[in-house]
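[1] what follows is a predicted structure for the sequence shown.
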Amino acid sequence: MSLTSPEAFSVEKHVAIAAVRRACLVTCTVFNQLVRDRTDILQKEDESPVTVGDYAAQAVINTVLKNAFPNDPIVGEEGADALRQGSNARLRERVISSTGEKAQWGLGSEHERSSGSLLKAIDEGNDTGGPNKRMWTVDPIDGTKGFLRGGQYAVCLSLIVNSQVVLGVIGCPNIQIHPANPDEGKGCIFVAVRGQGAFQITLSGTGAVKLPYFPSETSYVLQSEEPKHTNIPLIKRVSDELNLTEWGMDSQAKYCCLARGEGAVYLRMPAPTVGGKQPYEERIWDHAPGSILIEEAGGKITDSEGTPLRFGLGRGMGENRGFVATVDEELHGRVVSAIKRAQFTEDAKKTKATP
Ligand SMILES: Nc1ncnc2c1ncn2[C@@H]1O[C@H](COP(=O)(O)O)[C@@H](O)[C@H]1OP(=O)(O)O
Ligand SMILES: [Mg+2]
Ligand SMILES: [Mg+2]
Ligand SMILES: [Mg+2]
């Protein structure tokens, strides 16, 4: 069976959808029970907030993946080291109860509910990635800041074979099912398999719709909400030149909105660094699922110089030149050219300012 035959990755797709749905149930429960009063939030070394939800969702996804595909390595965002510390015992108990309360979440037996096996499940995501293998990427909550704000976040899973993303599944509990009709409610899962197109289903698994399906009247450029994550002034310059309207949103939900036609461009540029600090290295779990969704919806994604994204370098994606995604190929070229001009203006300003 070739990578792109109609049956390719059918089992993987169903397992991945099940894993993402279970993790979304966990994150919704955690939000309702714990996040509203903002308790149990840890600061990791990179200062991003990690919550009970991140740990619990990664434990659930890794457990489902390891049950179905025991030999597949997993590159997951979270690790359980901080949870092992004695001072975090209360947090650890919260994670266990979030994942273990219901057998349907896949961690229901007494044995599996033990602290040791939960921490082990989280640490199954410690693979280093690389070029010549079949591996999963897991971002249990992408856009933790959006999750904490009650805004957009995404539960993200992808399968990469020999550096090529072949399957992407993204759960977005807070995305409207229909962009223009709030009455249809919230909660979607976005699915793409290489060569088989991109689809949206509801969180409960109904109403499959092929992407893109929603022609927006406004040309939006989707960008991060977080000024630390992207170069907002540069994006503004590009948007002004191309008559795009800026739309800030957390997480890979941006890729989902673009894939269904709500936006025209996804644009992420490295934020300016201070004090000789290296620019942030983007991670494969933050872009692998979104990139296949865009491509299978008929769009194009590259870095800001037009070079294909690299998913076989390891956990990181190498030198960060930013990312450009569009559903319209012609527009992609215009955005890449506009970025060059905006960077030239930015550099010229810096040179002028330096005596
Ligand atoms: N300094 C940073 N620059 C760019 N992205 C970052 C940075 N720190 C964390 N991220 C990651 O950026 C993504 C959020 O993207 P966006 O800004 O588009 O909402 C998340 O994956 C977040 O990780 P996390 O998964 O921990 O939330
Ligand atoms: Mg994080
Ligand atoms: Mg992320
Ligand atoms: Mg995350």
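    Yes, it's here. Ligands and ions are numbered 1, 2, ... in the order given.
[2] hey, let's count contacts and neighbours off CA atoms from now on
    Noted.
[3] and Gly275, how many neighbours?
    If you count neighbours by other Cα atoms under 10 Å, Gly275 ends up with 5.
[4] show the backbone phi and psi for Lys120.
    phi -60, psi -40 (degrees, to the nearest 10).
[5] do you know how far it is from Thr345?
    Noted for Lys120: a distance of 50 Å to Thr345, by Cα to Cα, to the nearest Å.
[6] for whatever residue of the chain ends up closest to ligand 3, give the beta-bridge partners.
    Going by Cα to the ion, ligand 3 is nearest to Asp142 of the chain, at 3.7 Å. With DSSP bridges as the criterion, Asp142 is bridged to Ala154.
[7] which residues touch it?
    For Asp142, the residues meeting the contact criterion (Cα atoms under 8 Å, 6 or more residues apart in numbering) are 153-156, 251-252, 286.
[8] check those residues one by one and keep those near ligand 1.
    251, 286 (Cα under 6 Å from any ligand atom).
[9] for the contacts of Asp142, which one is nearest ligand 1?
    Distances from ligand 1 to the contacts of Asp142, taken as Cα to the nearest ligand atom, are shortest for Ser251 (3.6 Å).
[10] the stretch 151-300 of the chain against ligand 3: which residues are in contact?
    Counting by Cα under 5 Å from the ion, the positions of the stretch 151-300 of the chain adjacent to ligand 3 are Asp286.
[11] can you give me the helices for the stretch 151-300 of the chain?
    Counting by DSSP state H, counting those that start in this stretch, the stretch 151-300 of the chain forms helices over residues 232-242, 253-260, 288-296, given from the N-terminal end onward.
[12] got the buried residues for stretch 308-317?
    When burial is assessed from 16 or more other Cα atoms under 10 Å, stretch 308-317 yields the following buried residues: 309-312, 314-317.
[13] and if you look at stretch 126-137?
    Applying a neighbour-count criterion of 16+ other Cα under 10 Å, the buried positions in stretch 126-137 are 126-127, 129-131, 134-137.
[14] ligand 4: which of those residues is nearest?
    Nearest to ligand 4 among these, with distances taken as Cα to the ion, is Thr137, at 11.2 Å.
[15] wait, that closest one sits on Arg283?
    No - counting by Cα atoms under 8 Å, no contact exists between Thr137 and Arg283, whose distance comes to 9.8 Å.
[16] neighbouring contacts of the worst-scoring helix or strand of the chain on mean pLDDT?
    In the chain, the helix or strand scored least confidently by mean pLDDT, DSSP states H and E is strand 41-43, which has a mean of 74. The list of residues contacting strand 41-43 from outside it, by Cα under 8 Å, 6+ apart, reads 49-52.
[17] quick check: residues of the stretch 51-200 of the chain near ligand 4?
    If contacts are counted using Cα under 5 Å from the ion, the residues of the stretch 51-200 of the chain sitting beside ligand 4 are 139, 141-142.
[18] for these, which one is nearest His229?
    Nearest to His229 among those: Asp142, at 12.9 Å, using Cα to Cα.
[19] distance of that closest one relative to Gly151?
    Taking Cα to Cα as the measure, Asp142 falls 12 Å from Gly151.
[20] neighbours of Gln33, how many?
    Neighbour tally, Gln33, other Cα under 10 Å: 13.
[21] contacts only, for it.
    By Cα under 8 Å, 6+ apart, Gln33 has no neighbours at all.
[22] just give me how far whichever strand or helix holds Ala56 sits from the chain centre.
    Assignment of secondary structure by DSSP states H and E places Ala56 within helix 52-68. Once both centres are worked out by Cα atoms, centre = their mean, to the nearest Å, helix 52-68 turns out to sit 15 Å from its chain's centre.
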